[in-house]
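# Pasting the sequence and the predicted model now:
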Amino acid sequence: MKKTVAVIFGGRSAEHDVSIITAHTPIIQSLLATGQFDVWPIYIAKNGSWYSDQAMNDLAYFKHDNFQAYLARQKKVRILFDDGLKIIWPGIRSKTVRIDIAFPAMHGTFGEDGSLMGLLRMANIPFIGCDLFASTVAMDKVLTKQVLAIESIPVVPYVWFTKNGWEISRSIWTDKIAKLNWPVFVKPVHLGSSIAITKVKQNSELENAIEVAFHYDDKVLVEESVENLIEVTLPIMGNEELRLAAIERPLNKTEFFDFSDKYLLGNKKGGGANSQYSEIPADIDNELAKQVEDLGKRTYRTLGCSGIARVDFLIDKSSKQIFVNEVNTLPGSLYHHNWKKVGISGVELVTKLITLAEERFASQQKTIYVFDSDILKKAGDQKIGGWG
């Protein structure tokens, strides 16, 4: 009997459209190709409405000129998170589909940041990719750096502040930023796909770059730029036992690896992350490669990643110093182009991820989350001491 897999994508995020691509290439395409799964797409619109129709398994559905008109005719679904996950189409001809496994494909806010993982944990079903805690930490670029620094994993010097802090004490933060080595990068803390990131070379550009970042987030990071830069990335898969893909080096033509480099240039067919911009494996010496792999595994384990993630690095070409830049718990299109280079097809990739999700879920079922006590019987009868 086929297992029923829900692929959840879209969402109220600046990375909404990227999520649609990831969901289809390679996830839905590969799941259908196996013949082992009944695949139900769950699409969350930009306004937060939930829809599900197996016609949405085809990426062409979302590329149609009249897509919004099609969507307007769709009946919204209800999702039941009650000891399992169910999709419900209400009405006279109501229909219910019980989901066995969830495959999150939502980049950015309300998805990759741990929000969706929290719902799926409460539903008590297996789901692919990093769990709630790793997702939450990795989505916050500042928190990631703070956690890694405690474990002596190198990160570039930085300053961070909230929107409220910037408005109240702007001069304090500009003074701290001035002490960094310039140029600097200004980044929204909780956003991916290089959206709203600005490289700032002179002070006159700083405040505008910060305002742009605050348009998308309420927390901003300003960090030193590594000028003699070799940028590499390493996809990793696994729970306890880790498997590494190839070290990949972006060959972007701009000053930094931006949204266009990642998804558009050389990729007119819309097949997900732009695989034509990069060098696989990266042409770096063996010693650097070994350090990248070791730091990648340490970072993955430090953040508690599971399933799949991608660790990004900055290497100073002159000093050979390596910094961990950030961790992506849902790599665009799962970086299937890279896994293919090391002999793992899209079909094998998604089936391995499902196996990893089921193994983690089975392990979690052994943990006791509730505790029986007689505290309620005593409540109100007498004054009870500490409640902690």
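Now that the structure is in, tell me what you want to look at.

# State the helix or strand in which the closest residue to residue 78 other than its chain neighbours lies.
Closest residue in space to residue 78, ignoring its immediate chain neighbours: residue 88 at 4.3 Å, by C-beta to C-beta, 6 or more residues apart in numbering. Every residue, glycine included, has its C-beta placed from N, CA and C. Per DSSP states H and E: residue 88 is located in strand 85-89.

# Let's see that strand as PDB, backbone CA atoms only.
Extracted C-alpha coordinates of strand 85-89, given in PDB (Å, rounded to 0.1, in the frame of the first residue of the first chain):
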ATOM      1  CA  LEU A  85      -2.400  15.200  10.000                       C
ATOM      2  CA  LYS A  86      -5.500  15.200   7.900                       C
ATOM      3  CA  ILE A  87      -6.500  17.300   4.900                       C
ATOM      4  CA  ILE A  88     -10.300  18.000   4.900                       C
ATOM      5  CA  TRP A  89     -12.300  19.400   2.000                       C
END
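
# hey, what's the residue nearest to residue 78 bridged with?
residue 78, residue 96 (DSSP bridges).

# picking that back up, could you say what helices and strands the strand holding residue 88 packs with?
Counting contacts by 3 or more C-beta pairs under 8 Å, 6 or more residues apart in numbering; DSSP states H and E, strand 85-89 packs against strand 78-81, strand 95-99.

# Report how many residues lie close to the residue nearest to residue 78.
Other residues lying near residue 88 total 14 when counted by other C-beta atoms under 10 Å.

# How about the contacts made by it?
77, 78, 79, 80, 94, 95, 96 (C-beta atoms under 8 Å, 6 or more residues apart in numbering).

# Make a ChimeraX selection of whichever of those turn out to be buried.
A single ChimeraX command selects the buried members of the contacts of residue 88 (16 or more other C-beta atoms under 10 Å):
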select :77,79
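
# I'd like the helices and strands packed on strand 85-89 as CSV, with distance to residue 301 and mean pLDDT appended.
Below are these laid out as CSV (distance: least, C-beta to C-beta, whole Å; pLDDT from 0 to 100):
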stretch, distance to residue 301, mean pLDDT
strand 78-81, 30, 95
strand 95-99, 30, 96
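
# possible to save the ones you listed as a markdown table with distance to residue 217?
Listed next are those as a markdown table, based on distance: least, C-beta to C-beta, whole Å:
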| stretch | distance to residue 217 |
| --- | --- |
| strand 78-81 | 27 |
| strand 95-99 | 32 |
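
# Out of those strands, which gets nearest to residue 145?
Residue 145 lies closest, by C-beta to C-beta, to one member of the helices and strands packed on strand 85-89: strand 78-81, at 33.1 Å.

# And that closest one, how far out from the chain middle?
Relative to its chain's centre, strand 78-81 lies at 23 Å (C-alpha atoms, centre = their mean, to the nearest Å).

# and what of stretch 175-193?
On the basis of C-alpha atoms, centre = their mean, stretch 175-193 sits 21 Å off its chain's mean C-alpha point.

# List the buried residues for it?
177, 180, 184, 185, 186, 187, 188, 189, 190, 191, 192, 193.

# who are the neighbours in contact with the first one?
To tie it back to what came earlier, the one meant is residue 177. Applying C-beta under 8 Å, 6+ apart to residue 177 gives the contacts 159, 184, 206, 222.

# How about the second one?
For residue 180, the contacting residues are 157, 158, 159, 222, 223, 224, by C-beta under 8 Å, 6+ apart.

# what about the fifth one, how many neighbours?
Applying the criterion other C-beta under 10 Å, we find 23 residues in the vicinity of residue 223.

# what is the mean pLDDT for the helix or strand hosting it?
Residue 223 belongs to strand 219-224 when assigned by DSSP H and E. Averaging pLDDT along strand 219-224 yields 98.

# do stretch 135-150 as well
Here stretch 135-150 scores 97 as its mean pLDDT.

# And the helices in the stretch 251-388 of the chain?
Using DSSP state H, counting those that start in this stretch, the helices assigned to the stretch 251-388 of the chain run over residues 259-263, 286-302, 336-341, 346-364, 375-378.

# what about the stretch 201-350 of the chain, any weak spots by pLDDT?
253-276 (pLDDT under 70).

# In the stretch 1-150 of the chain, mark out all the helices, start to finish.
Listed in chain order, the helices of the stretch 1-150 of the chain (DSSP H, counting those that start in this stretch) span 16-22, 29-34, 60-63, 67-73, 115-123, 132-139, 141-150.
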